[in-house]
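Q: Predicted structure and sequence below. I'll ask about it afterward.
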Amino acid sequence: MADTNDILKVENLKINFFTRKGKVYAVDDVSFSLKKGETLGLVGESGCGKTTTVLGLMKMIPPPGKITGGRILIKGEDIIPLSEDEMREKIRWEKISMVFQGAMNCLTPVYTIGKQMMETVQEHKEMEYLQAKKRIINYLNLVGLPEDIIRRYPHELSGGMKQRVVIATALFLEPEIVICDEPTTALDVVVQAQIINLIKRLKKKLGLSVIFITHDLATEAEVADRLLVMYAGKLVEIGTNEQIYGKRGPIHPYTEKLLKATPRLHEKVEELSFIPGTPPDLVDPPSGCRFHPRCLEVMEKCKKDIPSLIEVEPGHWIACWRNTND
Amino acid sequence: MKWIDIKAGFKDFWNEFKNVKFGLFGLILLFIFILAVFLNPYIVPFPEASSRWRDITYWEDNPVSAPPVWVNWFSSTKRAPSLIIREHTFSEEKMRKMKLTRTIFEYEYSYDLPPLDVIFHGYAKGSPVIMLNIERPDGRIVELVRRPISKSDGKIVRISIAKDTRIESYNFGAKYESPEQNRIIREMVKPTSILFSEAKEGILVHPTPLKGAYKIIAEIILPSETDVVEDVYLSLSGSVSGWLGTDNSKRDIWSGVVAGVKWALLIGLLTAFTAVSIGVIYGVMSAYLGGWRDSLMQRIFELFVGIPLLPVLIVMSAIFKPSIWILIIMMSCFFWVGPVKTVRSMGLQIKEETYIEAARALGSSSSRIIFKHMVPLLIPYSFASMALYVPSAIVYEASISLLGLGDSTIVTWGQILHDALTGGAVINGLWWWVIPPGLFIALMGMTFAFIGFAMDKILHPKLRTR
Amino acid sequence: MISEPILKVENLKEWFPVRRTIAQILKGERTWIKAVDGITFSINQGEIFGLVGESGCGKTTTGKLIMKLLEPSEGKIIFKGKDVTHLEADKLKEYRRNVQMVFQDPYASINPRFRAQDVLEEPLIIHQMGETRAEREKIIRRALEEVRLIPPEEFMERFPHMLSGGQRQRVATARTLVLSPSMIVADEPVSMIDLSTRAEILHMMKTVQRELGLTYLYVTHDLSTARYFTDRIAVMYLGKIVEMGGADEIIDNAFHPYTKALIAAVCEPIPGKSNTIKEVPIKGEIPSAANIPSGCRFHPRCLYVKPQCQEDEPILKEIDLGHQVACHLIS
C-alpha cells in the first residue's frame, strides 16, 4: 500500500473507549492510505467505528476514548505524539479539516454567518479584518453562495445553504485533507445531489483529498474513487469504485449483502435482501471474524481465527477466510 | 414504572447522593427525627405529652419552671433533680380485724438545693388512714400528715408534702430557729427546704442542707380486711427537672419538643406533598392543554402568586380557629404555586416528544397522556421541590401558632414558643423554654433544606459545578 | 387495483396562520403557511400508497391530517364511505382503532420508560381490548411474532434502550398492529434506520400488509424505497400533488419536470461516476410555504418554464391510464 503519493497514511490504528461496561474496541487495527487528489469512501453501519476513525485522524476522540496504538502519518509525519496545542496550531483545520455529521446544527443561532466565519479565521491566522472579509466572501462564492450571506443569521438559511457555509468554513485555512462525515444524510435528494456536486467540484479545483463517510453505498458510488468498508471496528474490504460497483462486485459477504440491500431506483426488484441480526457489541466482539454471527457462508475457521486483509487483485483487499480458500 | 426500574433508578440516585456530604448529613438528621417519632415512649418521661399537653393533672408532680438537670454540671450549687422512688420496704402487723402496714422509702440526699416537693401516691380502697413521717439522717423523725381517706371503692391518693404539711414542717423548723426569725410568715416557708436542712438556727431563713439518707415512712391503718392501699410510690419534683427543664405550667419541655417532631414532620411533609402534587398536575395540565386554557390557568396562577401568604393565613386562622388538618389544607392552597412555572416549562418540552404524539395517535385521552407519559418524568423534580417546601410549611405553622392561632389540641414547636412568650419566659430568664423549640424548628428546616439541595443538585445536572 | 377506495381525500387544505405584526393586524392582513394546499387522492383497499416529496412539501402534514392529529382547514376526508373530517371524541377513538401510524424516529416515538410489553399494552388498555392481562399478553405475543421479534418473550421485558433501531421500529409497528387496524400511516418509517436493516423492516412491513390485508399510506422522501415498497405514488411539491400514478410508471415514465429532477437526483450504486458531475435538472431551492409562487408553484425552479406557467395554476390531468400530471407542458 506504500506510495509516495500518499498524503495520509494510517497504520494499525487502535481506538478504545474505557467505559463502565468495559473496554470498547471501537477501532481495531485499521490501516489505510489516502492518495493526493483522491476521494476515499468510508462505509459501514452506524456504530461500526467510521466516525471514531476520522475523529482519531483529527485526534479529537471524546473521553473516555483513547488512541491506544498505531501511527497516523500526514505527509510522512506521525501526528500521534503531537501535543494538543501543536495539533490545534499546525494540523487541525490547517492540514486536515472536517465537515461534521449534522453540520448545519453547528452554527450558533445568535451570530451572523460572517461573524462566525471571521472567528474561525482570526483564531488561526493573523489577518486584517478587510482582508479576512474578502477571503470569506471568496470562499462563500466558491461554494456557490451569494455575498450577502455574511449578514444573515443561520435560521434564515435553508439546510443546503447552511451545509455550504460549513463546507466553506472547513476549506478556509486551505487544508489538503477534508473529512466529510455524512454531509448529506439529513438533506433532501435534490440538495444532496447539489452538495455532492459541490464537493466534487471543489476537490478538482483545489486539489483536495477527501474522506467521505456515509452509511449509504449508493451515495458513495457517486463520490468515492476508492472505498473502505468497515464492520465492527475493522476494515473488511478495500477496493476501487469499479471493483466494488462493477460487474464482479464486492467479494466480502458483508459488502455484498450491503450492496444488495441498497435499493436501486431503476430496477424493479420484488424482494430486497438484507443482513439478518444486528451489529455486535464492541465491548465483547465475536471471536474470529467479527461478521461471522451474521454471515450466511460461515465456516468453522471464521469462528476461531481473525482474517487479515489480503490483496486479491491489484488494489482490492479483502479480510475473509472464504477467499483464501479459493 | 416497574419495580426493577424503580430499584435501578434509586440505586443510581443513591450512588450520586452518597457523594453529596451535606445531603447525607440531612439524611442522618431526618433519620434521627423519624427515630424520635417511633421511640417517643422510650426516650421521654411523659409519652402522652402530645395528647395531654394542656391537661394540668398530667403534669402536677413536676416542679414549676425548673431548669434542665444538666445545669448541675456547670454550677457549684447542686440541685436535686426530679425523681420517682418506687422501691420500698414493706411490713405489716395484724391487730384483730385491723391491719397496720409500714412502707419505707429511702432517699439519698446529697444536694445543695432540696427538691421542691415530695409527693406520696397510692391507690386506696375502703377507708384507710395514711400517716406520713420522715426520718432524717440526724435521727429526728418528723410526723407530717395523718390523713383518713373517705370510704370508696378505689381512688387515687396523693399527698404533697409541700402543700399538705406546711404547719407540721414549720413547727419543726421553728423549734430550732431563733425567736426573732420565728416571726416569718408560715405561708412563706417551703416545707421541703426545712425538712432537708440541718436542725439549727437559720433553718427557716438560711437553711444549710443536711445531706445523707432520708427515710419517708408511710404508716397505713387498714380498718377492714378488704381495705387496701396499692401502687404506692414517691415522686420528688426536683429543683432541676428533665433534659430540657419545665415551663411555668410544670410541663416537661423535652417531652413536648419530642412530641412536636411528629407534628412538624406531618405538617411539613403533608403540606409539601399535597402542594407539590397539585402544582405539578396543574403545571403539566397547563402545558399540555395549551392555548386559551393555558393562558387562563397561568393568570389564575399569577393571582395566587400575588397573594401574600402569611397575612392571609393569620386572618383565616383568627376567624376559623382551624385544626391542624385545616391548616395543612390552607397552606397547601397557597403553596402549590411554587413548582408550577418550572413544571409547565418542563411539560412544554415533554409535550413535543414524538411519543406523546404517538400516544395521541393511539387514541389516548389527555388525562392518560398526562398521568402515564408526562407526570412520571416529573417525579424526580417533584421530590426535590417537596423537600424544599417542607421547611417553609413548618415555619408557617410555627408562625401561626406563635401568634396563638394554632390547633390547641396538639403540641407543636410554635405553640411551645407561644406559651413561652405569654409566660414571660424571656423576661424571667427561662431560656430552656425558648431555645429548644426554636432550635428544633431550625434543625428540621435544615434537614429538609439539605436533602432538597442535594436532590436538586443531582436531578438538575445544570446546577452541577465542576 | 379495481377495488373499493378505503380512503378518499378531497381538496384537503391545512393552512397555519403566521403571527402577524401590529401593522398587519391593523390592516386586517393575514398570511398563511399553506402546508397542504388542496390535495385530492384516494387509496384503495389493500394498496400501498406512497406520498413522495422533499421536506417542507406537506407530506408529513398530510399524514397527520389523515391520522387526525391535526384539524384540516378545508376539504374532506372520507374513510370507508364515512366523512371523518371532523369527529367527536368517541368517534375519533373508534377511527383511531382503524387507522394507525408508524412514526419516523423509532428512538423518539416510544416512551423510553416503557418496556416493549407496556408499549404494546397501552393501545389495548386504551381501547379496552383483551379482558384479562393474560389475554392481552396473548395479543401482544402475536403482534411481536408478526413483526418477527421472535421469540416474543425475549423482547417483551426490554426497554427501548436495549433495542436496536430496527427492533424499535418493529415494536412501533407491532404497537399499531395490536389494534388490528385496516390502514396504517407510515411516516418515513425507515429513514432513521441503518441501510442493512432498512430492507428488512420494509420487507417485514410488506409481509404484514399481505398477511393481514392492510392498506398503507407510505410517506417518504426516498424514491428508491418508494418504488420497491409502494403500488402507487403521488409526488408532492409545496402542498400540492404534481404527479400521481403507478409506482413503476412514475419512475420509468415521469412527466413532470419536478419528478424528473427528483429521479435524477437519486444516487445509484453504479460504477464510474466518481469523476463526472451529474447535473440535476432543477434550479435553486424549495421556497417557503408562506410565500408560494404564483401560477405553477414550481415555475421558478423549472428549466422548461413557459409564460403561461407564471399565471395559471395547472390542474391534475390524466395523461395515461391512472397517470395524472399537473403541468402546462402537456400539449
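A: Structure received. Numbering: from 1, shown residues only, chains lettered A, B, ... in the order given.

Q: can you list contacts of stretch B:7-27?
A: Here stretch B:7-27 makes contact (Cβ atoms under 8 Å, 6 or more residues apart in numbering or on different chains) with B:380, B:446-451, B:453-455, B:457-458. Placement of C-beta: from N, CA and C, glycine included.

Q: List the buried residues for it?
A: B:17, B:20, B:23, B:26-27 (16 or more other Cβ atoms under 10 Å in any protein chain shown).

Q: Buried members of the contacts of stretch B:7-27 into ChimeraX, please.
A: Listed next is the ChimeraX selection for buried residues among these, using 16+ other Cβ under 10 Å:
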select /B:380,447,448,449,450,451,453,454,455,457,458
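
Q: Give the burial count for residue 271, as a bare number.
A: You didn't pick a chain, so chain A it is. For residue A:271, the count of nearby residues is 10 (other Cβ atoms under 10 Å in any protein chain shown).

Q: Sorry, I should have been clearer: chain C.
A: Quick note: residue C:271 (other Cβ under 10 Å) scores 15 neighbours.

Q: what do you get for residue B:92?
A: Neighbour number of residue B:92 under other Cβ under 10 Å is 11.

Q: Where does pLDDT dip in the stretch 101-250 of chain C?
A: Residues of the stretch 101-250 of chain C meeting the criterion pLDDT under 70: none.

Q: Okay, helices next: where are they in it?
A: Per DSSP state H, counting those that start in this stretch, the stretch 101-250 of chain C carries helices over the ranges C:116-126, C:133-146, C:152-156, C:165-177, C:195-212, C:223-229, C:247-252.

Q: Can you add mean neighbour count and distance to residue A:162 and give those back as JSON lines?
A: Compiled in JSON lines, these are given as follows (neighbours: other Cβ atoms under 10 Å in any protein chain shown; distance: least, Cβ to Cβ, whole Å):
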{"stretch": "helix C:116-126", "mean neighbour count": "22", "distance to residue A:162": "35"}
{"stretch": "helix C:133-146", "mean neighbour count": "17", "distance to residue A:162": "41"}
{"stretch": "helix C:152-156", "mean neighbour count": "17", "distance to residue A:162": "39"}
{"stretch": "helix C:165-177", "mean neighbour count": "25", "distance to residue A:162": "26"}
{"stretch": "helix C:195-212", "mean neighbour count": "20", "distance to residue A:162": "25"}
{"stretch": "helix C:223-229", "mean neighbour count": "24", "distance to residue A:162": "24"}
{"stretch": "helix C:247-252", "mean neighbour count": "19", "distance to residue A:162": "30"}
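
Q: The ones you listed: which one's closest to residue A:318?
A: Nearest to residue A:318 among those is helix C:195-212 (18.4 Å), distances taken as Cβ to Cβ.

Q: To which secondary structure element is residue B:340 assigned?
A: helix B:337-351 (DSSP states H and E).

Q: got a list of what the residue nearest to residue A:261 when sequence neighbours are not counted touches?
A: Spatial nearest neighbour of residue A:261, chain neighbours left out: residue C:199 (4.4 Å); criterion: Cβ to Cβ, 6 or more residues apart in numbering or on different chains. Residues counted as contacts of residue C:199 (Cβ under 8 Å, 6+ apart) are A:261, A:263, A:272-274.

Q: and with 6 Å instead?
A: Listed by Cβ atoms under 6 Å, 6 or more residues apart in numbering or on different chains, the contact set of residue C:199 reads A:261, A:272, A:274.

Q: Next: residue A:158.
A: Residue A:158 is in contact with residue C:285, counting by Cβ under 6 Å, 6+ apart.

Q: again, but for residue B:214
A: Residues in contact with residue B:214 (Cβ under 6 Å, 6+ apart) are B:107, B:109.

Q: Give the helix, strand or coil label for it.
A: strand (DSSP: H, G, I helix; E, B strand; the rest coil).

Q: and the most centrally placed residue in chain C, what does it touch?
A: Centrality entry for chain C: nearest residue to the mean C-alpha point is residue C:219, 2.2 Å, by Cα atoms, centre = their mean. Residues in contact with residue C:219 (Cβ under 6 Å, 6+ apart) are C:51, C:59, C:63, C:187-188.

Q: let's see 10 Å
A: C:49-53, C:59-64, C:66, C:101-102, C:104, C:185-189, C:191, C:226, C:236 (Cβ atoms under 10 Å, 6 or more residues apart in numbering or on different chains).

Q: For it, give the beta-bridge partners.
A: residue C:51, residue C:187 (DSSP bridges).

Q: and chain B, which residues reach chain C?
A: Within reach of chain C by Cβ under 10 Å from any Cβ of the partner chain, chain B has these residues: B:1-2, B:4-5, B:8-9, B:352-366, B:368, B:372-374, B:376-377.

Q: Next one: the closest residue to chain B within the stretch 51-200 of chain A from residue B:205, what distance?
A: Using Cβ to the nearest Cβ, the single residue of the stretch 51-200 of chain A nearest to chain B is residue A:63, 14.2 Å away. Separation of residue A:63 from residue B:205 (Cβ to Cβ, to the nearest Å): 85 Å.

Q: who has more neighbours, these two?
A: residue B:205 (14 against 7).

Q: Read off the pLDDT value for that one.
A: On pLDDT, residue B:205 comes in at 79.

Q: so is it in a helix, a strand, or just coil?
A: Secondary structure assignment for residue B:205 (three-state DSSP): coil.

Q: Can you list phi and psi of it for me?
A: Main-chain torsions, residue B:205, degrees, to the nearest 10: phi -100, psi -40.

Q: I'd say it and residue B:174 touch.
A: No - contact criterion Cβ atoms under 10 Å: residue B:205 and residue B:174 do not qualify, at 11.6 Å.

Q: rewinding a little: narrow the contacts of residue C:199 to those in helices?
A: residue A:261 (DSSP state H).

Q: Need phi/psi at the residue in the stretch 51-200 of chain B that chain A sits nearest to.
A: The nearest approach of the stretch 51-200 of chain B to chain A comes at residue B:70, 51.8 Å away (Cβ to the nearest Cβ). The phi and psi values for residue B:70, taken as degrees, to the nearest 10, are phi -70, psi 0.

Q: For chain B, give me its nearest residue in the stretch 101-250 of chain C.
A: Per Cβ to the nearest Cβ, residue C:108 is where the stretch 101-250 of chain C lies closest to chain B, at 3.9 Å.

Q: how close does residue B:170 get to residue B:205?
A: 12 Å.

Q: Check residue A:185 too.
A: 103 Å.

Q: again, but for residue A:279
A: From residue A:279 to residue B:205 the distance is 101 Å (Cβ to Cβ).

Q: Okay, now the unreliable bits of chain B?
A: In the predicted model, chain B carries pLDDT under 70 at residues B:1-5, B:181-185, B:460-466.

Q: For the closest residue to residue A:296 other than its chain neighbours, which residues are in contact?
A: When the adjacent residues along the chain are set aside, residue A:296 lies closest to residue A:253, with 6.9 Å between them (Cβ to Cβ, 6+ apart). Contact partners of residue A:253, counting by Cβ under 10 Å, 6+ apart, are A:236-237, A:275, A:289, A:291-292, A:294-298, A:302, A:318, A:320, A:322-323.

Q: got it, and residue C:108?
A: By Cβ under 10 Å, 6+ apart, the contact list for residue C:108 reads B:352-358, C:160, C:168, C:192.

Q: Highest neighbour count among those?
A: Comparing the contacts of residue C:108 by number of neighbours (other Cβ under 10 Å), residue B:358 comes first, having 26 neighbours.

Q: could you list every residue that touches it?
A: Residue B:358 makes contact with B:364, B:373, C:69, C:100-103, C:108-111, C:119, C:122-123, C:172, C:175-176, according to Cβ under 10 Å, 6+ apart.
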